[in-house]
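Asker: Need a 3D model of the sequence below.
(2 chains)
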Amino acid sequence: MFETRTIRSRVLLQILLAVIVLPFVFPLIAMVQGSLAGRGWANYQTVLSLPLLPGFFLNSALLSAAVILIVLACTTMAAFGFSKLHIWAKEVYFWMLMVALTLPGVVLLSPLFATVTQIGAFNTLWAVILPVAALQIPFTVLLARNFVDGIPSELIEAARVDGADTIRTFWHVMLPLMKPIMAAVLVLVFINSWNEYLLALLFLQTPEQQTITLVPQFFVGQYNNDQTKVLAAAVLTGLPVVIAYIFLQRFFERGLAAGALK
Amino acid sequence: MTMTASRKAGLTSERRSGRPGRLRRPAGLPWILPAMIVSVGLLYYCIVYTGYISTLDWDGASPLQRPVGADNFARMLGDTVFWRALGNTAAFFVVTLVVQVALGILLACLLHSRLYLKTFHKVLIFVPVVLATATTAPVFREMYAPDGTVNGVLHAVGLGDLAQPWLANGTSALIIVMSVQIWQSTGVVFVLYYAAIGQIDTEVLEAARLDGAANWRIIRSIVWPGVRGTTIAIAILTAIGSLKTFDIPFLVTGGGPSYATEFLGTMIYRVSITFSQAGYGAAISVVLLLLAVGTAIIIRVSSTRKENTDV
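Answerer: Next up, the predicted model:
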C-alpha cells in the first residue's frame, strides 16, 4: 500500500506503526506490572490458592459452552433456511431479527429480572445463558446468512436430485461448507459470553454461581481493595481469551471479513 | 477467479428455479424457528414487557404496581441527568467514530505495506478487543488514580505540575471513558478496513503510484472512496455501540463525578436497580430502544440515498 522502496520511508513507516500501537499495549503492560507489584509472584499464589477460583472458571466455561451450542445450532439452521429454502414473507422474519440487533442488553433489565425471579431461575446460570444467546443470534445469523448466500445453490439442488432430503442436505452438504463461518461465530460468541458482565452481575448472587468477570469485584470485597491481587486476578481471567484468540486468529479475521464484506 | 465463477453460477440457478415447473425450494420455516423463538421470542417479550412496566410506578419486585400512564416519560423530559446522558452519548459517538475510523484506516494501510512484524502488531491491536471490560477496568482505575501510573510517569519526566486526580474531573473522566472505548474497539474497525482494503484493485494503486501520487493522496482518492461501504457499516455499529455503552462508564468511573460520565445504560441501571424505580427505568429503556432502531434506519436510508445521487 504505502511506498516502501527507499530505506528512509520504510524506517519512518515502521516507526509510525510502533508509535500508534504503543498506546494499545501500555495498559496491558501496566496490568502485568501492577499484578507483580509489592509481593511479586506471591500475589498470583494468593489468587490461585483461593478455593473458589476453579468454580468461577468452571461457571464461565459452562456458560460459554451452553451459549455457543445454542447459538451455533440456531445460527446454522437459520442461515440455511433464510438463504436456501422457501419461506413465505422471509424478509419480514429477517428484519424482525435485525431490529433485535440494535437492542441494548440493559433494556432487558426489569422484564428479565421480574420474569427470572418469578420462574425461580434467579441465581442459576440459565438466567444468563438464554438472554446472552438471544442477544448474539441476530448478529451471527446476519454473518452466516451473508456467507451462505455465497455458496452456489447448485450444490443443494444436486443433493436433492440425488435423493437427499432437506435434513441430509443440511448435515452432509451445508455444514461442511459452513465450517469457516462456524469457526468465526464460535470465537466471537466465546469471547462475548466469557466476557458477559451485566447479566451475570444482576442474576448470579452467590460466589458458587458467579463467573470470572465478577472476580475483580469479589477481590475488592474480600481483600479490602488490594489492587495487586485484583490485577493478578484480572491477568488470570484475561489469559484464556487471549490464548484462544491467538490460536484462532486466522479463522476469526477471515470469517468476520467474509461475513461483513460481501 | 473460482469465486466469481461460482457466484455467477449461483445467480443463474436462482433465476432458473424461479421459473414454474422447475425444482421448488423446500419449505424453510422450521429451520428458522429455533433462532426466531430463542432470539425474537425472548427479546420481543422483554420489549413488550418493558413497554408495560414503563407505564407503572413499581419497584421491580414487590406485588404493588400502580399504573401512572405517561408520568414516567414526563418526568424524563424534565430530568437534567437524562439530557446530560444523551449529550454524553452524542459526544461519545462523534469522538470515538472519528478517532477509530482514522486509526483503523491508517493501521490497515500500514499493515498492507511491506513492513516487519505485521502479525505481531495485528495481535497487539486486537488483544484489547477480546479482554472483558470487567477485567481491564481495574487497570484503568489504577492508571488514572492520584498516585497511579500516569501521574507517576508525569513526575518522572518533570511534568509533575500536570499531575492531577484524572477521574475526579468531569471533562477528563469523560475523555478517559472515550479513550478506553477507542482502545477496546479499534481492533474491530481495523480488521474490517484491513479486509476491505485487501479488495481494492492493486493495479489502480500501482497506476496512481506511477503517476506520482503521495501516500496521503492515495488514502484520500483511492482508499477512502473504496471502503465507503465499510465506513457506513462502522458508523452504524459505533452509533448503536454508543447507545449501548454501559460496562466502561459503570466500571471505570461509575457514571461520575456528578453525572459527567452518565450514559443511558448506566442511568437505566442506577434508576431500576440501585433506586428500585423499575417504571422510570423502563421508560428510559423504551426511549433508548427507539433511539437505537431510529439511528440505524436513518444512517441506512441516508447512505443509500447519497449513493443513488452519486451515480
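
Asker: Poorly predicted segments of the stretch 1-150 of chain A, please.
Answerer: Within the stretch 1-150 of chain A, the segments meeting pLDDT under 70 span A:3-4.

Asker: State the number of residues packed around the nearest residue to residue A:208 once chain neighbours are set aside.
Answerer: Leaving aside its chain neighbours, residue A:208 sits nearest to residue A:55 (6.0 Å; criterion: C-beta to C-beta, 6 or more residues apart in numbering or on different chains). Bear in mind the C-beta positions are built from the backbone N, C-alpha and C, glycine included. For residue A:55, the neighbour count with other C-beta atoms under 10 Å in any protein chain shown is 16.

Asker: Any idea how far stretch B:220-236 is from the middle of the chain?
Answerer: Distance of stretch B:220-236 from its chain centroid, counting by C-alpha atoms, centre = their mean, to the nearest Å, is 16 Å.

Asker: can you pull the buried residues of that stretch?
Answerer: Within stretch B:220-236, the residues that count as buried by 16 or more other C-beta atoms under 10 Å in any protein chain shown are B:222-223, B:226-227, B:230-236.

Asker: cool, and stretch A:88-103?
Answerer: A:90, A:93-94, A:97-103.

Asker: Looking at chain B, which residue is nearest chain A?
Answerer: Going by C-beta to the nearest C-beta, chain A is nearest to residue B:28 of chain B, at 2.6 Å.

Asker: Now that residue: closest residue in space that isn't a chain neighbour?
Answerer: Residue B:28 sits nearest to residue A:85 (C-beta to C-beta, 6+ apart), 2.6 Å away.

Asker: Now do the same contact list for that neighbour.
Answerer: Residues near residue A:85 by C-beta atoms under 8 Å, 6 or more residues apart in numbering or on different chains: A:166, B:25-28, B:31.

Asker: let's see it at 6 Å
Answerer: B:25-26, B:28 (C-beta atoms under 6 Å, 6 or more residues apart in numbering or on different chains).

Asker: Among those residues, name the least confidently predicted one.
Answerer: Among the contacts of residue A:85, residue B:25 has the lowest pLDDT, at 76.

Asker: Surely it is in contact with residue A:86?
Answerer: Yes. At 3.8 Å, residue B:25 counts as touching residue A:86 under the criterion of C-beta atoms under 6 Å.

Asker: rewinding a little: ok, of the buried residues of stretch B:220-236, which one's closest to residue A:38?
Answerer: Closest to residue A:38 out of the buried residues of stretch B:220-236 is residue B:234 (41.8 Å), distances taken as C-beta to C-beta.

Asker: Could you see whether chain B lies near the helix or strand containing residue A:100?
Answerer: Using DSSP states H and E, residue A:100 sits within helix A:90-101. Yes. Helix A:90-101 is in contact with chain B by C-beta under 6 Å from any C-beta of the partner chain, via A:96, A:99-100.

Asker: Enumerate the residues of the stretch 51-200 of chain A near chain B.
Answerer: Residues of the stretch 51-200 of chain A lying close to chain B by C-beta under 6 Å from any C-beta are A:74, A:77-78, A:80-81, A:85-87, A:96, A:99-100, A:102-104, A:106-111, A:113, A:133-134, A:137-138, A:141, A:152-154, A:157, A:166, A:191, A:195, A:197.

Asker: Pull out the buried residues from these.
Answerer: Counted by 16+ other C-beta under 10 Å, these give A:74, A:77-78, A:80-81, A:85, A:87, A:99-100, A:102-104, A:106-111, A:113, A:133-134, A:137-138, A:141, A:152-153, A:157, A:166, A:191, A:195, A:197 as buried.

Asker: In PyMOL, how would I select just the buried ones from the contacts of residue A:85?
Answerer: Those of the contacts of residue A:85 that count as buried under 16+ other C-beta under 10 Å are selected in PyMOL with:
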select buried, chain B and resi 25+26+28
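
Asker: could I get the contacts of residue A:85 as TSV with secondary structure?
Answerer: TSV is the format used below for the contacts of residue A:85 (DSSP: H, G, I helix; E, B strand; the rest coil):
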residue	secondary structure
B:25	coil
B:26	coil
B:28	coil
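
Asker: Outside of the helix or strand where residue A:146 lies itself, list whatever touches it.
Answerer: Per DSSP H and E, residue A:146 falls inside helix A:126-149. Applying C-beta under 6 Å, 6+ apart, the contact partners of helix A:126-149 are A:63, A:66-67, A:70-71, A:74-75, A:78-79, A:82-83, A:97, A:100-101, A:105, A:108, A:112, A:116, A:121, A:181, A:185, A:189, A:193, A:196, A:199-200, A:203, A:258-259, A:262, B:35, B:38-39, B:42-43.

Asker: what does the helix holding residue A:100 contact?
Answerer: A:82, A:138-139, A:141, B:39-40, B:43, B:293.

Asker: Identify, from those residues, the entry nearest to residue B:163.
Answerer: residue A:139 (42.4 Å).

Asker: Give the burial count for the closest one, as a bare number.
Answerer: There are 21 residues near residue A:139, going by other C-beta under 10 Å.

Asker: now do the one 5 residues further on
Answerer: Here the number of neighbours of residue A:144 (other C-beta under 10 Å) works out to 28.

Asker: before we move on, what about residue B:27?
Answerer: By the criterion of other C-beta under 10 Å, residue B:27 has 13 neighbours.

Asker: cool, and residue A:241?
Answerer: 21.

Asker: Need the phi and psi values for it.
Answerer: phi -70, psi -40 (degrees, to the nearest 10).

Asker: Please name the residues that touch it.
Answerer: Counting by C-beta under 6 Å, 6+ apart, residue A:241 has contacts A:191, A:194, B:130.

Asker: Enumerate the residues of the stretch 101-250 of chain B near chain A.
Answerer: So far as C-beta under 6 Å from any C-beta goes, the stretch 101-250 of chain B lies against chain A at B:109-110, B:112-115, B:121, B:124-125, B:127, B:130-132, B:134-135, B:138-139, B:142-143, B:149, B:191-192, B:195, B:215, B:240, B:244, B:246-247.

Asker: sorry, back to before: go through the contacts of helix A:90-101 and name the one nearest residue A:1.
Answerer: residue A:139 (29.4 Å).

Asker: which residues in the stretch 51-200 of chain B form strands?
Answerer: B:56-57, B:66-67 (DSSP state E, counting those that start in this stretch).

Asker: Quickly run through the sheet partners of the last one, with directions.
Answerer: Strand partners for strand B:66-67, identified by DSSP bridges, are recorded as strand B:56-57 (antiparallel).

Asker: Run through who's touching the strand it pairs with.
Answerer: Applying C-beta under 6 Å, 6+ apart, the contact partners of strand B:56-57 are B:65-68, B:279.

Asker: separation between the residue nearest to residue B:28 and residue B:29?
Answerer: 8 Å (C-beta to C-beta, to the nearest Å).

Asker: circling back to that earlier point, just the buried ones from the residues of the stretch 101-250 of chain B next to chain A, in ChimeraX syntax?
Answerer: Of these, the buried ones go into a single ChimeraX selection, burial set by 16+ other C-beta under 10 Å:
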select /B:109,110,112,113,115,121,124,125,127,130,131,132,134,135,138,139,142,143,149,191,192,195,215,240,244,246,247
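
Asker: and the residues of the stretch 101-250 of chain B next to chain A, which of them are in helices?
Answerer: Those of these mapping onto helices are B:109-110, B:121, B:124-125, B:127, B:130, B:134-135, B:138-139, B:142-143, B:149, B:191-192, B:195, B:215, B:240, B:244, B:247, per DSSP state H.

Asker: Buried residues, stretch A:23-36. List them.
Answerer: Applying 16+ other C-beta under 10 Å to stretch A:23-36 flags A:24, A:26-28, A:30-31, A:34-36 as buried.

Asker: So which residues make contact with that stretch?
Answerer: A:43, A:231-232, A:235, B:124-125, B:139, B:142-143, B:149.

Asker: Can you add distance to residue B:204 and give these back as JSON lines?
Answerer: Putting the contacts of stretch A:23-36 into JSON lines (distance: C-beta to C-beta, whole Å) gives the following:
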{"residue": "A:43", "distance to residue B:204": "54"}
{"residue": "A:231", "distance to residue B:204": "48"}
{"residue": "A:232", "distance to residue B:204": "51"}
{"residue": "A:235", "distance to residue B:204": "46"}
{"residue": "B:124", "distance to residue B:204": "30"}
{"residue": "B:125", "distance to residue B:204": "26"}
{"residue": "B:139", "distance to residue B:204": "43"}
{"residue": "B:142", "distance to residue B:204": "48"}
{"residue": "B:143", "distance to residue B:204": "44"}
{"residue": "B:149", "distance to residue B:204": "45"}
